[in-house]
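> The following block contains a protein sequence and its predicted model.
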Amino acid sequence: MRGARYAWANARRLQVALAEAGIAYRHHGELAPTTELRRLQYAADDRNRVGKRSRAVLDPAYVAGYVREILDHADLGALAAELPHDTTTALLCVEADPEACHRSLIAERLGLRHGVRIAHIRPAR
């Protein structure tokens, strides 16, 4: 977790808050980056002298590794088929820029290969 500012995104707190609001929650751990991939991104952040909270993009080596190791093996077709068609689904992230999060890679593939309409919500700056 990324500090007190993002305590709301703690998995248990988030699940409770969503349930209280009548919003379904699904966790897809198979889409999480491996420890090795996270270390690759952290090393790139160090080289670029950028912190996790201020990263604007993912390192190309991380992206390639994530696609090869995770996305290429994930059954996003099944995930897309599960999505309700009468409501909105969200991939939650605490990054200010979608391009700084692996979820943007998932969203992009869902859009390109499975026709899922994607809209990124960005904070006002």
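Here it is on my side, so go on. Numbers count the residues shown, from 1 in each chain.
> Which residues belonging to the helix or strand bottoming out on mean pLDDT in the chain are considered buried?
Sorting the helices and strands of the chain by mean pLDDT, DSSP states H and E puts helix 11-20 at the bottom, at a mean of 86. Neighbour-count burial for helix 11-20, with 16 or more other Cβ atoms under 10 Å as criterion, is recorded at Leu14. Any C-beta I mention is one placed from the backbone N, CA and C, and that applies to glycine too.
> Next: stretch 102-118.
102-110, 116.
> For the most centrally placed residue in the chain, which non-adjacent residue is closest in space?
The residue lying closest to the centre of the chain (Cα atoms, centre = their mean) is Arg103, at 2.4 Å. On the basis of Cβ to Cβ, 6 or more residues apart in numbering, the spatially nearest residue to Arg103 that is not a chain neighbour turns out to be Leu91, at 4.4 Å.
> I figured the one you found was touching Ala107, is that so?
Yes. Counting by Cβ atoms under 8 Å, Leu91 touches Ala107, with 5.9 Å between them.
> my read: Leu110 touches Leu76, true?
Yes. Counting by Cβ under 8 Å, Leu76 is a contact partner of Leu110 at 5.9 Å.
> any weak-confidence spans in the protein?
Filtered on pLDDT under 70, the chain yields the residue ranges 1-3, 5-9, 125.
> Could you rerun that using 50?
1 (pLDDT under 50).
> tell me the helices in it, going along the chain?
11-20, 35-48, 60-69, 76-82, 102-114 (DSSP state H).
> now the ones you listed as a markdown table including distance to Ala124?
A markdown table is the format used below for the helices of the chain (distance: least, Cβ to Cβ, whole Å):
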| stretch | distance to Ala124 |
| --- | --- |
| helix 11-20 | 22 |
| helix 35-48 | 25 |
| helix 60-69 | 27 |
| helix 76-82 | 30 |
| helix 102-114 | 19 |
